[in-house]
Every structure is written in C-alpha cells, then in structure tokens.
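1. Sequence and computational prediction follow.
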Amino acid sequence: MQSFSNKTPGQTGLAAPAAETGMDEKLQLESWLPYRLFRISVRIADVLNAFYGPRFGFSRSAWRTMAIIANRPGVSAKEICQAGGLDQFSVSRAIKQLVELGYAQRQNGRTDRRYAAIELSKSGWAAFTEISDLARRLDQELTGAVSQEELAMLDSILTKLDNASAGIMARGWRGGAREKSEPDGQKTGD
C-alpha cells in the first residue's frame, strides 16, 4: 500500500488553463478527478483487503458481492452486477467463492431455474459484521480529516458527480469525445 500525495501544500489539484501556462492542454493524471477519487478508494480498499483476504479467504469482488447481498438478501447475480459495478464473470466467481467457503447460500428460483437468490449464511453474517466494523472505523478516520460542514458539502458534491457520471456512462465514450456545438456547427465556449 502506498501512502503518498502528489500535491504540494497549497496546491489545489486543478491544472492551470493552457492559456496561462503557455503549454498545450494535456491530461495531468494526478489532478484528474476520477484518478484522485480512485486513489483514495484503492488505498482504503487495500487496507480492508489486507484484513479480510487472509482472515476469511475471499477476494475483493467477493467482499463487494457479500456487502450487496447483506443489504439486499435474496438478490440475484444480475442485480449484484448492477449494484456493484461488477461484470457477470466476476460476480459468478465471487458467488461461487462465497458459497464454497460457506459464507453464502444459493436458492434456485421455483419457476426459472436460471434465476438464483443469494443470501448470506450464519458464518457469512458473522464475517460481514466483522469486516463492516473495520470498514466503518476506516470511514470514520477518513471523514474525520474534514469538518462536518465540509463533509456535508462533499456528500452533496459526490451526489452530483455520481449523477453526472451516470449520464456520461449512458452516453458512452463517443458522447464525451465530441465537442459541444451550436446548431449551425460552430463550437461553443470560444
């Protein structure tokens, strides 16, 4: 696990406009918001994984799957994919791992044998509770770095960013690759 920051004190993380720097505008990974959010997320996930991996013997995808099942007992694999941002293969492997380790149970649908409702077993609930306790402590330590007002503002901002990212995802990369244009074909923002 790396614990470093690419920012110097007083640096906002936002790149100066190209006109101010005289440089061509290019992506600065360290100041790109998705990458900054990713780094924070990965650092905490790595710490949590260092606990549950050796202790319970399952993967990061299995932990995310377990957390979804705990919050939605009887959920299907398809629903886990949608809720967790995981692909079908990862969810299938995670469910298989949780079932084989005794942390989850799969109940086939009565009318459709392809559908399976997944629930945590007694040992699954015990593992989830233990991991959740650590996850909450990590969350408290992380959010303790900012004031309550900043945290409320961050929550509002993250909600807006989540909604914006859903729109970007719906449009796909082609939607983000085009510059905004006026109806007559002229670029906007010039």
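-> Looks like it came in fine.
2. how far is the helix or strand encompassing residue 158 from where the chain is centred?
-> Per DSSP states H and E: residue 158 is located in helix 148-177. Offset of helix 148-177 from its chain centre (C-alpha atoms, centre = their mean, to the nearest Å): 12 Å.
3. Use 405 as the first number for this chain going forward.
-> Understood, numbering begins at 405; the last thing we discussed is helix 552-581.
4. What are the neighbouring residues in contact with residue 480?
-> 519-522 (C-beta atoms under 8 Å, 6 or more residues apart in numbering). (C-beta placed from N, C-alpha, C; glycine too.)
5. please redo it, this time with the cut-off set to 6 Å
-> Residue 480 is in contact with residue 519, counting by C-beta atoms under 6 Å, 6 or more residues apart in numbering.
6. Could you tell me the per-residue confidence at it?
-> You'll see residue 480 listed with a pLDDT of 92.
7. Next, it: phi, psi?
-> phi -100, psi 170 (degrees, to the nearest 10).
8. I'd like the next helix or strand past the helix or strand hosting residue 442.
-> Element membership of residue 442, judged by DSSP H and E, is helix 437-460. Later in the chain than helix 437-460, the nearest helix or strand by DSSP H and E is helix 464-475.
9. And that following helix, what's buried?
-> 464-474 (16 or more other C-beta atoms under 10 Å).
10. what does stretch 524-544 give?
-> 524, 528-529, 531-532, 535, 539, 542.
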